[in-house]
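> build me a structure from this.
(chains A and B, ligands or ions: 2)
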Amino acid sequence: MNAEPAALTGRKPDWFRPPQDGKALVATRVSLSRNLGGIIFPPRASEMTLANVETLLRHRLEELGDPPFDAYFPLTSADSLAAALLRERLLLPPHVLSGPSRGVAVSPGETVSAAVNLLDHLTLVVMEAGFRPDRVWERADEIDDRLAGAVEFAFDDEFGFLTVSPEDVGTGLHIEFVAHLPALVLTSQTDKVVRALSEIGFRLLPLAEGGAGHLFRVRSARTFGPDEGETIADVLETAPVVENYELAARDSLSSPAKRIVFEDRVARAVALLDNARLMSASEALDALSLVGLGASFGLAPTGAADLLFRLYFDLLPAHLRLSAGRETDDTERKRLRADMVRRAWNGLAGPRPEE
Amino acid sequence: MLCGRCGEKNASIHVIEVGSGGPRSLHLCSSCAAEIGLMVGIDADKLEESLRALIGEEPPPEAEQPAFESCPDCGFSLSGEEGSPALFGCEKDFVLFRFPIQSLLHRRHGGKAHKGKRPASDGSAARKQQALRALEKRLEEAVRAENFELAAEIRDRIRELT
Ligand SMILES: [Zn+2]
Ligand SMILES: [Zn+2]
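Ligands and ions are numbered 1, 2, ... in the order given. So this is what the prediction gives:
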């Protein structure tokens, strides 16, 4: 059934939870790019073809029954507010097209979604909380198999699954994990991580624009050559390395040389949360990330550890604009954001860094 | 059987193409075969060159030039449009521009061929989709001929299939 993206504001996707055991890995995401055999791909398809593909795929997705796709968000403009909101929730492929007969079907809790005609005819996405690439892949693989029984996918023995972008041809598979990497940002090591990752075929992308809240996506890039098992193995190998790098950076923050700098950063974040009347998304999210990290060092109330994850989506630009329910200007939105943050922050009790 | 290139005329020429994914057959009508140089009566060098291009051997440099500037079905060309990245427009692009696409993918991903899963299909979906494609073509023709009664009929049948 058609739905408005605004309906998503105010609730969190099931995959978004603080990392278990206070470490760095937040969620796992698997995406599969697929096209229908013998049918022109969306960038060059006529409106009639797009409309038929949309009708066909919506019916086939509905008939799957499991997962139940209970909402369909039509999306005709790639740079609309609705698109921005869906992008903030990772419900869209990296690049999307504008035009009629496009949209994304979403299951309850947003663990499974299917983008229709947004770049390829179909992009199937499965997300789960925590780091479990094999399990999430199995789920995506199983849905993909049932879909392949209902529609014919464009496939070539040599090229594999045929896709619109050369970045996806082959398996059409990208596996990514969402990671919270505040210490790597604080110690200015993200550039190093980007370089190391790109050498082994991975990309480091910000979860929100500019990497606000120190949240990132680490995404496998190679689809032509490695099979699905090899991609999973690569991810299984890469994630602990990134996580350990972050944990080592966290440890380094208590070294005598760095401790005072770190305390200063947390104290400034606390001051911002206590006092700011206007806040941009990155200001608010970075401050929440810092006090969250500070909490594990006894520099902030223990409840602060989860604040970033409680408020993350509500504070993002498109979410805030749509949840306001009326026209707002930039200053008004910054005020709404600062109010929201201060209310949650003041609700916590515990040590403050001024001792 | 319809020609695999134009999809309009009957295929009269059948070629087995051997790639790393195993043999696959190519069915062409005589005019399409002539267009890509696969026709009796042309000089032997040219024929050998086209055959070599088709059977997936390392082609000599001059054979790397595909026989088409752009895909007749979707308009895709290797140069892409001004300022936009090359986006593939249909399945056929991967047949028409097999070698350049192969080397593009090899440069980007490091791989030589797909090794992963295949679609788990029993063929029934493929048959339905073929019927749908045929109906779409007939609908376009009906609309062009302003035969709206027929168009409505075809539209109903498309609706049943989707
Ligand atoms: Zn032909
Ligand atoms: Zn084409």
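
> near ligand 2, which residues of chain B?
When proximity is defined by Cβ under 5 Å from the ion, chain B lies next to ligand 2 at B:71, B:73-74, B:76, B:89-90, B:92-93. (Glycine included, C-beta is placed from N, CA and C.)

> just the residues you listed that are near ligand 1?
Among the residues of chain B next to ligand 2, proximity to ligand 1 is found for none (Cβ under 5 Å from the ion).

> quick one, longest helix in chain B?
Longest helix in chain B, counting residues (DSSP state H): helix B:124-144.

> what mean pLDDT does the helix or strand just after it get?
As assigned by DSSP states H and E, the chain's next helix or strand after helix B:124-144 is helix B:148-161. Averaging pLDDT along helix B:148-161 yields 85.

> how about stretch A:46-66?
The model assigns stretch A:46-66 a mean pLDDT of 94.

> next SSE after the least confident helix or strand in chain B by mean pLDDT?
The helix or strand of chain B with the poorest confidence is helix B:44-54; it has a mean of 48 (mean pLDDT, DSSP states H and E). Per DSSP H and E, the first helix or strand lying C-terminal to helix B:44-54 is helix B:93-96.

> do the helix or strand just after that next one and chain A meet at all?
Next helix or strand after helix B:93-96 toward the C-terminus (DSSP H and E): helix B:98-109. Yes: judged by Cβ under 8 Å from any Cβ of the partner chain, helix B:98-109 comes into contact with chain A at B:98, B:101-102, B:104-106, B:108-109.

> just the buried residues of the residues you listed.
Listed as buried from these are B:98, B:101-102, B:104-105, B:108-109; burial here means 16 or more other Cβ atoms under 10 Å in any protein chain shown.

> what values do phi and psi take at whichever residue of the stretch 151-300 of chain A sits closest to ligand 2?
For the stretch 151-300 of chain A, the residue closest to ligand 2 is residue A:162, as judged by Cβ to the ion, at 10.4 Å. The phi/psi pair for residue A:162 (degrees, to the nearest 10) reads phi -90, psi 130.

> now it, nearest residue through space, not along the chain?
residue A:154 (4.2 Å; Cβ to Cβ, 6 or more residues apart in numbering or on different chains).

> list the contacts of that neighbour.
For residue A:154, the contacting residues are A:34-39, A:161-162, B:91, by Cβ atoms under 8 Å, 6 or more residues apart in numbering or on different chains.

> quick check: it vs residue B:94, distance?
9 Å (Cβ to Cβ, to the nearest Å).

> who does residue A:155 bridge with?
residue A:161 (DSSP bridges).

> okay, now it: neighbour count?
Burial measure for residue A:155: 20 neighbouring residues, criterion other Cβ atoms under 10 Å in any protein chain shown.

> cool, residue A:15 as well?
21.

> quick one: residues contacting it.
Residue A:15 neighbours (Cβ under 8 Å, 6+ apart): A:27-29, A:109-111, A:127-129, A:178.

> sorry, back to before: pLDDT score for the residue nearest to residue A:162?
Reported pLDDT for residue A:154: 96.

> tell me which of the contacts of residue A:15 fall in helices.
Among the contacts of residue A:15, no residue falls in helices (DSSP H).

> mind checking which of those are buried?
Applying 16+ other Cβ under 10 Å to the contacts of residue A:15 flags A:27-29, A:110-111, A:127-129, A:178 as buried.

> can you add distance to residue A:311 and pLDDT and give these back as JSON lines?
What follows is the buried ones among the contacts of residue A:15, written out as JSON lines (distance: Cβ to Cβ, whole Å; pLDDT from 0 to 100):
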{"residue": "A:27", "distance to residue A:311": "17", "pLDDT": "98"}
{"residue": "A:28", "distance to residue A:311": "22", "pLDDT": "98"}
{"residue": "A:29", "distance to residue A:311": "21", "pLDDT": "98"}
{"residue": "A:110", "distance to residue A:311": "18", "pLDDT": "97"}
{"residue": "A:111", "distance to residue A:311": "21", "pLDDT": "97"}
{"residue": "A:127", "distance to residue A:311": "20", "pLDDT": "98"}
{"residue": "A:128", "distance to residue A:311": "22", "pLDDT": "97"}
{"residue": "A:129", "distance to residue A:311": "17", "pLDDT": "97"}
{"residue": "A:178", "distance to residue A:311": "16", "pLDDT": "97"}
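
> a markdown table for those residues, including distance to chain B?
Below are the buried ones among the contacts of residue A:15 laid out as a markdown table (distance: Cβ to the nearest Cβ, whole Å):
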| residue | distance to chain B |
| --- | --- |
| A:27 | 24 |
| A:28 | 19 |
| A:29 | 18 |
| A:110 | 25 |
| A:111 | 22 |
| A:127 | 20 |
| A:128 | 20 |
| A:129 | 26 |
| A:178 | 24 |
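
> quick check, nearest of those residues to ligand 1?
Nearest member of the buried ones among the contacts of residue A:15 to ligand 1, counting by Cβ to the ion, is residue A:29, at 42.9 Å.

> for the stretch 1-150 of chain A, just list every one of the strands.
A:25-34, A:71-74, A:103-106, A:112-116, A:122-129 (DSSP state E, counting those that start in this stretch).

> number of nearby residues for residue B:27?
17.

> try residue A:295
For residue A:295, using other Cβ under 10 Å, the count is 22.

> then residue A:79?
Residue A:79 has 8 nearby residues by other Cβ under 10 Å.

> most neighbours among the contacts of residue A:154, please name it.
residue A:35 (29 neighbours).

> let me know the pLDDT of that residue.
Taking residue A:35 on its own, its pLDDT is 98.

> any idea how far it is from residue A:108?
27 Å.

> same question, residue A:205
Taken as Cβ to Cβ, the span from residue A:205 to residue A:108 is 26 Å.

> what about the strands in the stretch 151-300 of chain A?
Using DSSP E, counting those that start in this stretch, strands in the stretch 151-300 of chain A cover A:155-156, A:160-161, A:173-180, A:202-206, A:215-220.

> find the one among those with the highest mean neighbour count.
Most buried of those, by mean neighbour count (mean count of other Cβ atoms under 10 Å in any protein chain shown): strand A:160-161, with a mean of 28.

> what is the neighbour count of the nearest residue to residue B:157 once chain neighbours are set aside?
In this structure, residue B:157 finds its nearest non-sequential neighbour in residue B:135, 5.7 Å apart by Cβ to Cβ, 6+ apart. Counted with other Cβ under 10 Å, residues neighbouring residue B:135 total 19.

> try residue A:255
For residue A:255, using other Cβ under 10 Å, the count is 9.

> over to residue A:16?
20.

> residue A:14: which of the strands of the stretch 1-150 of chain A is closest?
Distance to residue A:14, taken as Cβ to Cβ, is lowest for strand A:122-129 among these, at 6.6 Å.

> rewinding a little: now, which of the buried ones among the contacts of residue A:15 sits nearest residue A:51?
residue A:110 (25.9 Å).

> right, and the closest one touches residue A:11 too?
No: the pair residue A:110 and residue A:11 fails to qualify as a contact (Cβ atoms under 8 Å) at a distance of 9.0 Å.

> for the residue of the stretch 151-300 of chain A found nearest ligand 1, list the residues it contacts.
Closest residue of the stretch 151-300 of chain A to ligand 1, Cβ to the ion: residue A:156 (19.4 Å). By Cβ under 8 Å, 6+ apart, the residues touching residue A:156 are A:162, B:21, B:91, B:94-95, B:114.

> 7 Å instead, please
Counting by Cβ atoms under 7 Å, 6 or more residues apart in numbering or on different chains, residue A:156 touches A:162, B:94.
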